[in-house]
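Colleague: Pasted the sequence and its predicted model underneath.
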Amino acid sequence: MILKKVNGKEPRMGEDCFIAENAVIVGDVQMGDQCSVWFNAVIRGDVHYIKIGNKVNVQDGAVIHATYQKSPTNIGNNVSIGHNAIVHGCTIHDNVLIGMGSIVMDDCVVESNSIIAAGAVVTQNTRVEAGSIYAGVPAKKVKDISQELISGEIDRIANNYVKYSGWFGEGDGIR
């Protein structure tokens, strides 16, 4: 893995985090407990800060970045960022699933208990209402989320990634 200091700021990890060997985390990145950053994921806190809460998983190939001197990235607790997703200069609240290959652009706010569908593009300045599913290009609300989806998808995926990271022992990334 690459953990790199940039402009005097270096990544800080919480307790019980898994960082894959080829993940890249640079600059002003603060990560909570029980997080995982998977293979080929990149978290670049070089141009602005990135704050990540507890029990967040950044899946394979995902990119988290920000916009220089303008838009930091803030991610809450219990968030899953799917394979090859891009999260850029935005705010993601708690209990959110960002689907595979989706893009969340600058100055968006994704409120709690929401799902961004796979392949969706959430354009700049969009506010995703709590308890909803957004899909499409550009992403629009398609329906309200059910309690079954919150526990069956959002919670299940976040909990599974804590379990998956436990499968990797010492020498298989930072623990």
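Modeller: Noted; the coordinates are in hand.
Colleague: surely S112 meets D94?
Modeller: Yes. S112 sits in contact with D94 when judged by C-beta atoms under 8 Å, with a separation of 4.8 Å. Where C-beta positions appear, they are placed from N, C-alpha and C, glycine not excepted.
Colleague: between these two, what contacts are shared?
Modeller: G76 (C-beta atoms under 8 Å, 6 or more residues apart in numbering).
Colleague: Longest helix in this protein, by number of residues?
Modeller: For the chain, the helix that runs over the most residues, judged by DSSP state H, is helix 156-166.
Colleague: if I pick the residue most central in space within the chain, what's in contact with it?
Modeller: The structure's the chain has its C-alpha centroid closest to I81; by C-alpha atoms, centre = their mean the separation is 4.1 Å. Contact analysis of I81 by C-beta under 8 Å, 6+ apart lists V56, N57, V58, Q59, A62, I64, I75, V87, I98.
Colleague: Give me the contacts around stretch 113-123.
Modeller: Contacts to stretch 113-123, defined as C-beta under 8 Å, 6+ apart, come from residues 82, 90, 93-105, 108, 110, 128-139, 142, 145, 149-150, 153-154.
Colleague: can you pull the contacts of N57?
Modeller: C35, S36, V37, W38, V79, S80, I81, I157, A158, Y161, V162, S165.
Colleague: Now do the second one: how many residues are near it, please.
Modeller: Other residues lying near S36 total 26 when counted by other C-beta atoms under 10 Å.
Colleague: before we move on, what about E10?
Modeller: Per other C-beta under 10 Å, the neighbour tally for E10 reads 15.
Colleague: Scan the protein for its longest strand.
Modeller: Using DSSP state E to define each element, the chain has its longest strand at strand 42-52.
Colleague: Just list what that strand packs against, helices and strands only.
Modeller: Packing partners of strand 42-52 (3 or more C-beta pairs under 8 Å, 6 or more residues apart in numbering; DSSP states H and E): strand 24-31, strand 63-65, strand 73-75.
Colleague: Cheers, nothing more for now.
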